[in-house]
Structure formats: C-alpha cells, structure tokens
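Engineer: requesting a structural model of the entry that follows:
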Amino acid sequence: QVQLVESGGGLVQAGGSLRLSCAASGRAFRWYGMGWFRQAPGKEREFVSAISTSGGSTHYADSVKGRFTISRDNAKNTLYLQMNSLKPEDTAVYYCAADRDKYYSGSDSYEYDYWGQGTQVTVSS
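Structural biologist: Below is the predicted model:
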C-alpha cells in the first residue's frame with residue numbers, strides 16, 4: 001500500500017502559476033501509473049492528467065492541455081503538476097492518485113486504488 005500526500009496549493013491570481021507535489025511512501029511508487037484529479041464545489045471529481053511509470057507517456061484533459069504539465073521523479077517518490085496560466089475555473093481541490101495495476105492509467109477515477117487527501121487551489125479573477 002502507498003500513502004499519498006499533496007502539497008503546493010494556495011491562492012493565486014488569474015494568469016499565475018502553481019506547482020503541486022504529491023509525495024508517496026514506500027518503494028512501489030515507480031511501478032504505479034499516477035494521475036491528478038480535481039473537484040470543484042458542487043461538482044463531480046474530474047480527471048486532469050495522467051502519467052506512465054517511466055514518465056514517458058502523459059495525457060491531459062482538454063481543459064488544461066497546453067497549460068498544465070505532469071511529471072514524476074521516481075528517485076524522490078514524487079509526482080508533480082505544474083500549472084500555468086491559471087484561470088478562475090481551475091479553482092478546486094486537487095488530488096493525486098495511484099493505480100497499482102497498470103503502468104499507465106486512464107481518466108476514470110475508478111481505475112485508481114490510492115488517493116491523497118487533496119490540496120486546495122484557488123484562482124482569483
């Protein structure tokens with residue numbers, strides 16, 4: 001089992017940037033497909049981005065494509081999400097998630113086995 005802890009959220013003005021981190025416990029991190037999801041108030045959790053175990057494959061939701069970049073450092077057991085050109089509609093709690101069964105996971109939350117507690121991102125207009 002792996003424990004995930006997100007950090008890096010905060011309040012930023014529209015057009016600004018934030019980098020989220022997700023620290024994972026244990027040695028199995030490098031074998032897990034990883035993803036980022038977010039949930040805004042009153043809305044369902046939605047997919048943001050996913051990355052393969054090696055970091056060589058990534059994909060993004062259309063709403064963040066070209067603005068967000070997912071990456072991972074397996075030596076540090078850490079997943080990242082660089083968020084640029086932030087918009088008020090990016091305001092949400094952001095969660096990282098791990099899939100223990102696949103090296104590269106999709107956009108459905110049910111595919112993921114482990115979740116962090118979330119970090120709040122608020123973008124002011």
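
Engineer: contacts only, for the spatially most central residue of the chain.
Structural biologist: By C-alpha atoms, centre = their mean, the chain has its centre lying nearest to residue 36, at 2.4 Å. Contacts of residue 36 were listed using C-beta atoms under 8 Å, 6 or more residues apart in numbering, and they are 20, 22, 48-50, 70, 79, 81, 94-97. For every residue, glycine as well, the C-beta is placed using N, CA and C.

Engineer: out of these, flag the one nearest to residue 5.
Structural biologist: If you rank the contacts of residue 36 by distance to residue 5 using C-beta to C-beta, residue 22 comes first, at 7.0 Å.

Engineer: the closest one and residue 80 touch, don't they?
Structural biologist: Yes. Here residue 22 reaches residue 80: they are 7.4 Å apart, a contact under C-beta atoms under 8 Å.

Engineer: the two: which has the busier surroundings?
Structural biologist: Remark: of residue 22 and residue 80, residue 22 carries more neighbours, 26 against 20, as counted by other C-beta atoms under 10 Å.

Engineer: A strand includes that one, no?
Structural biologist: Yes. Counting by DSSP: H, G, I helix; E, B strand; the rest coil, residue 22 is part of a strand.

Engineer: identify the bridge partners of it.
Structural biologist: With DSSP bridges as the criterion, residue 22 is bridged to residue 6, residue 79.

Engineer: wait, what's in contact with it?
Structural biologist: By C-beta under 8 Å, 6+ apart, the contact set of residue 22 is 4-7, 34, 36, 78-81, 96, 116.

Engineer: many thanks, have a good one.
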